[in-house]
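J.: Just a sequence and a predicted model for now, questions to come.
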Amino acid sequence: MPQPKYLTGDTAAIEEFLSRFDVFLFDCDGVLWSGDHLFPNVPETIEMLRKKGKQLVFVTNNSTKSRADYKKKFDKLGIPAEVEEVFGSSYSAAVYIARILKLPAPKNKVFVLGESGVEQELDAEGVLYIGGTDAAFRRDIEPEDFTNLANGSALDPDVGVVLTGLDFHLNYLKMATAFQYLQRGAVYLATNIDSTLPNAHSLFPGAGASGAGLTKAIGKEPLSLGKPSQAMMDAVEGKFQFDRSRACMIGDRLNTDIQFGIDGKLGGTLAVLTGVSKKEEFLAEDAPTKPMAYVNSLGDLLM
Ligand SMILES: O=C(O)[C@H](O)[C@H](O)COP(=O)(O)O
Ligand SMILES: [Mg+2]
């Protein structure tokens with residue numbers, strides 16, 4: 001695999017790189033911001049690309065927010081973007097459950113280990129769910145819970161799917177309940193399985209970490225509907241209708257964003273160094289995943 005081209009500071013190379021693409025798929029965490037801290041020149045760079053007539057799509061694995069929540073964040077941070085340009089892993093999972101998996105009612109209810117973003121997108125697709133942010137699950141497990149879970153009296157017979165996402169309110173009762181549904185044959189899905197979450201210019205346990213206990217207990221991996229899943233790429237292409245050879249994925253994480261672009265046979269991939277992956281990881285001769293090019297920060301594209 002050819003070595004990635006370093007573009008920072010090379011205006012001619014940046015101009016040539018941008019001219020190859022009509023569409024830019026942007027990752028969010030670690031590319032546009034770290035938590036609520038916007039990286040330098042991000043709004044201006046987005047604006048520049050729009051002025052060049054580029055189509056932009058924001059493809060995030062962060063399942064804690066819905067597309068509408070992201071629009072509010074974009075507005076708060078001054079990033080020019082429309083809600084229809086956002087495609088998050090919660091939306092990807094909700095579309096998959098509603099339009100692809102299509103379990104026969106009534107056994108198509110979802111038990112959620114995740115935050116409001118998952119619930120809002122399931123609502124948008126008309127998918128019934130329990131768990132998630134329900135305060136009834138935010139308590140210690142009691143002896144009678146074990147009995148009622150084991151005999152099924154505490155379980156909803158219509159649950160046919162367990163869906164895990166980044167869950168800031170993890171506890172044993174929720175995990176034990178999800179485990180019992182999986183033991184009874186529920187389909188095991190994840191919005192994404194990122195190991196870490198970039199925030200406050202540091203790293204924290206990600207969705208993959210918050211779901212790891214359940215995966216360990218049940219002894220199988222969930223089907224992940226986030227990057228690098230090509231079910232997500234197909235859904236993104238289906239919704240935005242673009243020529244993959246003229247599309248570029250911009251991301252901070254090799255095993256999700258860059259792999260997503262490579263596996264999706266996009267025209268190109270661009271890594272930024274403001275998030276999870278370090279350049280040493282992809283410059284190594286034997287690196288399994290190499291972006292086409294990289295910059296220190298997204299704002300370096302601003303000419
Ligand atoms: O743990 C997670 O869910 C991810 O780190 C995360 O939220 C990634 O978001 P992205 O970089 O795809 O916008
Ligand atoms: Mg990211």
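T.: Now that the structure is in, tell me what you want to look at. Ligands and ions are numbered 1, 2, ... in the order given.

J.: The stretch 201-303 of the chain: helices as residue ranges?
T.: Counting by DSSP state H, counting those that start in this stretch, the stretch 201-303 of the chain has helices at residues 207-210, 212-218, 230-240, 259-263, 279-283.

J.: Tell me which of these lies nearest to Gly88.
T.: Evaluated with Cβ to Cβ, those place helix 230-240 nearest to Gly88, the distance being 9.7 Å. No exception for glycine: its C-beta is placed from N, CA and C like everyone else's.

J.: Lys102 is nearest to which of the helices of the stretch 201-303 of the chain?
T.: Ranking the helices of the stretch 201-303 of the chain by proximity to Lys102 (Cβ to Cβ) places helix 230-240 first, at 13.8 Å.

J.: Residue of this structure nearest ligand 2, please.
T.: Using Cβ to the ion, the point where the chain gets nearest to ligand 2 is Gly30, with a distance of 3.6 Å.

J.: Distance of the residue nearest to that residue when sequence neighbours are not counted relative to Lys290?
T.: Spatially, and ignoring its direct neighbours in sequence, Gly30 is nearest to Gly275 (2.0 Å; Cβ to Cβ, 6 or more residues apart in numbering). Using Cβ to Cβ, to the nearest Å, Gly275 is found at 17 Å from Lys290.

J.: Of these two, give the one with the bigger neighbour count.
T.: Applying other Cβ atoms under 10 Å to Gly275 and Lys290 shows that Gly275 carries more neighbours, namely 25 against 20.

J.: didn't the more buried one look like it was pressed against Pro198?
T.: Yes: in this structure, Gly275 is within contact of Pro198 by Cβ atoms under 8 Å, at 4.7 Å.

J.: Now the common contact residues for the two.
T.: Both Gly275 and Pro198 are contacted by Asp29, Gly30, Ser34, Asp252, under the criterion Cβ atoms under 8 Å, 6 or more residues apart in numbering.

J.: So the last one versus Ala207, what's the distance?
T.: In this structure, Asp252 lies at 15 Å from Ala207, with Cβ to Cβ as the measure.

J.: the more surrounded of those two?
T.: Counted by other Cβ under 10 Å, Asp252 and Ala207 do not tie: Ala207 has more neighbours, with 28 against 24.

J.: Looking at the helices of the stretch 201-303 of the chain, which is nearest to Asn151?
T.: Per Cβ to Cβ, nearest to Asn151 of the helices of the stretch 201-303 of the chain: helix 212-218, 19.1 Å.

J.: and that closest one, does that touch ligand 1?
T.: No: using Cβ under 6 Å from any ligand atom, helix 212-218 stays clear of ligand 1, coming no nearer than 11.4 Å.

J.: What residues sit buried inside that helix?
T.: The neighbour-count check on helix 212-218 (16 or more other Cβ atoms under 10 Å) flags Gly213, Leu214, Thr215, Ile218 as buried.

J.: Thr256 and Gly226 touch, don't they?
T.: Yes: Thr256 lies in contact with Gly226 (Cβ under 8 Å); the separation is 7.1 Å.

J.: Determine the residues that are contacts of both of those two.
T.: By Cβ under 8 Å, 6+ apart, Thr256 and Gly226 have these common neighbours: Asn61, Asn192, Asp194.

J.: Model confidence at Met303, what's the number?
T.: At Met303, the model reports a pLDDT of 78.

J.: Could you find the closest non-adjacent residue to it?
T.: Sequence neighbours aside, Thr11 is the residue nearest to Met303 in space, at 5.4 Å (criterion: Cβ to Cβ, 6+ apart).

J.: wait, the one you found sits on Leu301?
T.: No: with contact defined as Cβ under 8 Å, Thr11 does not count as touching Leu301 (10.0 Å).

J.: more crowded one of the two?
T.: Each of Thr11 and Leu301 has its neighbours counted (other Cβ under 10 Å); Leu301 has more, 23 against 9.

J.: how much space between the nearest residue to the more buried one once chain neighbours are set aside and Lys52?
T.: Spatial nearest neighbour of Leu301, excluding adjacent residues (Cβ to Cβ, 6+ apart): Thr45 at 5.3 Å. Thr45 is 11 Å from Lys52, where distance means Cβ to Cβ.
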